[in-house]
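[1] Requesting a structural model of the entry that follows:
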Amino acid sequence: MAAVRRPRLIASDLDGTFLSPDGTVSEDNTAAVARAAELGVPFVFATGRPSRWLSCLDDLSLAHPLVVVSNGAAVCDLATGALSQVQSIVPDVVVDVTSRIRGAAPDVVFGLEFPAGFACEPALPRDERVFFAAGEITDLVRRGEVMKVLVFSDDLSSEEMHTRLAPVIGADLEATYSAKATYGLLELMAPGVSKATSLATLCRDMGIDAAEVAAFGDMPNDVEMLDWAGMPYRMSEGHPRVAARGYPVAGSNADSGVGRTVMRLLSLP
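    Residues are numbered from 1 along each chain as shown. Coordinates of the predicted model:
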C-alpha cells in the first residue's frame with residue numbers, strides 16, 4: 001500500500017460502509033463530504049445499487065455528481081439521472097449462462113437490470129415499485145441493454161452460490177456478491193467489470209492516479225476497488241473475505257468510520 005497522505009480523490013461504497021445501519025447519512029459523514037469539497041477533493045460513491053436507489057444521496061450536494069452504480073456496470077449523473085459508461089452483456093451470453101446456472105442450481109430465480117429498470121422471472125415476488133416487467137429470461141433479455149444479471153436463492157446464501165456457481169459461470173461473466181439479506185443474491189456483470197474499472201476511468205479523466213485514491217468498502221464486491229486504490233480501508237464489520245486482504249480498518253459504519261477516517265486523511269499534507 002502507498003504511503004498515507006492526503007488523497008486526491010475519495011471513493012466509498014454505500015451500504016455497510018458510508019451509510020449508517022439504518023440507511024441514513026450521519027452528521028460526521030456529511031461533514032467529511034463537505035470538508036473534501038472545500039479542499040477540492042472529489043468524493044465519489046461506488047455502489048452495487050442501481051441508479052434508481054440513490055435517494056439516500058439527495059442531501060449530499062457537495063459530493064461528486066457522478067456515482068458508480070450496479071457494481072461498475074454504469075455511471076450515474078445525480079443531477080440528471082443520465083447513465084454513461086454502460087457496460088452491457090451480450091444477450092446470447094445471458095441466455096447461455098443462466099441456462100448453465102439453472103442446470104447446477106434448478107431452484108434459483110433470475111432478474112435482469114437494465115438502464116431503464118428491472119425485470120424478473122415470474123417466480124420472484126412482484127413489486128410494482130421495482131419491477132417493470134416479468135417473464136422468461138429468453139424474452140426479457142431482448143427488452144434492452146442488460147447491465148447486470150441477478151441470481152436469487154431462498155436455499156443458498158450469497159457465498160454458497162458464489163462457491164457453487166463460479167466454476168459454472170467461468171470467464172463469461174464477472175460474478176460477485178454483497179447482500180446481507182436472508183436470501184442469497186449473486187450479481188453478474190460483463191467480463192472484467194467492477195467498481196474499480198469505472199473508477200479508474202473517472203480518475204483517468206480527472207488526471208488522478210490510483211495511488212492518490214482513498215477507498216472504503218466492506219463486501220466482496222468492493223475487493224477490486226480496494227485492491228486498485230492506493231489507500232484502501234475496510235469496515236470493521238465487513239465480510240471475512242475483505243478482512244483477509246489485510247486492509248487498514250476505518251471503523252464501523254455505525255460510528256461514522258468513513259467520515260472520521262476521511263477527516264484524518266484530509267488533515268494530512
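[2] Tell me which residues of stretch 193-210 come out buried.
    Burial within stretch 193-210, assessed by neighbour count using 16 or more other CB atoms under 10 Å, is assigned to 193-200, 202-203, 208, 210. C-beta coordinates here come from the backbone N, C-alpha and C atoms, glycine included.
[3] Distance from that stretch to the middle of the chain?
    14 Å (CA atoms, centre = their mean, to the nearest Å).
[4] Equivalent analysis for stretch 238-246, please.
    Computed by CA atoms, centre = their mean, the separation of stretch 238-246 from the middle of its chain amounts to 16 Å.
[5] One more: stretch 141-161?
    Worked out by CA atoms, centre = their mean, stretch 141-161 lies 14 Å from the chain centre.
[6] what is the mean pLDDT for it?
    In this model, stretch 141-161 carries a mean pLDDT of 93.
[7] and the end-to-end length of that stretch?
    Distance between the two ends of stretch 141-161: 22 Å, counting by CA to CA, to the nearest Å.
[8] How about stretch 64-84?
    15 Å.
[9] quick one, domains of the chain?
    Domain assignment of the chain by automatic domain parsing yields the ranges 9-85+193-266, 91-189.
[10] The longest helix belonging to the chain: which residues count as buried?
    Looking across the chain with DSSP state H, the single longest helix is helix 91-104. For helix 91-104, the neighbour count (16+ other CB under 10 Å) marks 91, 93-94, 97-98, 101-102 as buried.
[11] What is the nearest of those residues to Phe118?
    Val94 (14.2 Å; CB to CB).
[12] residue contacts, the closest residue to that closest one other than its chain neighbours?
    The shortest distance from Val94 to any non-neighbouring residue, by CB to CB, 6 or more residues apart in numbering, is to Val141 (4.9 Å). The contact partners of Val141, by CB atoms under 8 Å, 6 or more residues apart in numbering, come to 91, 94-95, 112.
[13] Distance to Phe18 and pLDDT added to these, as a markdown table?
    Shown next, in a markdown table, are the contacts of Val141 (distance: CB to CB, whole Å; pLDDT from 0 to 100):
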| residue | distance to Phe18 | pLDDT |
| --- | --- | --- |
| Pro91 | 34 | 96 |
| Val94 | 31 | 98 |
| Val95 | 36 | 97 |
| Leu112 | 27 | 95 |
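[14] Among those, which one lies nearest to Gly259?
    For the contacts of Val141, the nearest to Gly259 is Leu112 (35.2 Å; CB to CB).
[15] quick one, the helix or strand harbouring that closest one and helix 91-104 angle?
    Leu112 belongs to strand 109-114 when assigned by DSSP states H and E. For strand 109-114 against helix 91-104, the angle by axes from the mean of the first three to the mean of the last three CA atoms, to 10 degrees is 160 degrees.
[16] mean confidence for the following helix or strand past strand 109-114?
    With elements assigned by DSSP H and E, the helix or strand that comes after strand 109-114 is strand 117-120. Throughout strand 117-120, pLDDT has a mean value of 90.
[17] Any idea how far strand 117-120 is from the middle of the chain?
    Distance, stretch centre to chain centre, for strand 117-120: 18 Å (CA atoms, centre = their mean).
[18] do stretch 15-29 as well
    Chain-centre distance of stretch 15-29: 15 Å, with CA atoms, centre = their mean.
[19] And stretch 102-118, by the same measure?
    Put simply, stretch 102-118 sits 18 Å off its chain's centre (CA atoms, centre = their mean).
[20] If you average pLDDT over each of the domains of the chain, which is lowest?
    Across those, domain 91-189 gives the lowest mean pLDDT, at a mean of 90.
[21] can you pull out the strands in the stretch 101-250 of the chain?
    For the stretch 101-250 of the chain, strands defined by DSSP state E, counting those that start in this stretch occupy the ranges 109-114, 117-120, 131-134, 148-153, 174-176, 184-189, 213-217, 231-235, 249-251.
[22] Remind me what the strand holding Leu112 packs against, helices and strands.
    Here strand 109-114 touches helix 91-104, strand 117-120, helix 137-140, strand 148-153, going by 3 or more CB pairs under 8 Å, 6 or more residues apart in numbering; DSSP states H and E.
[23] Since that was my last question, I'll sign off now.
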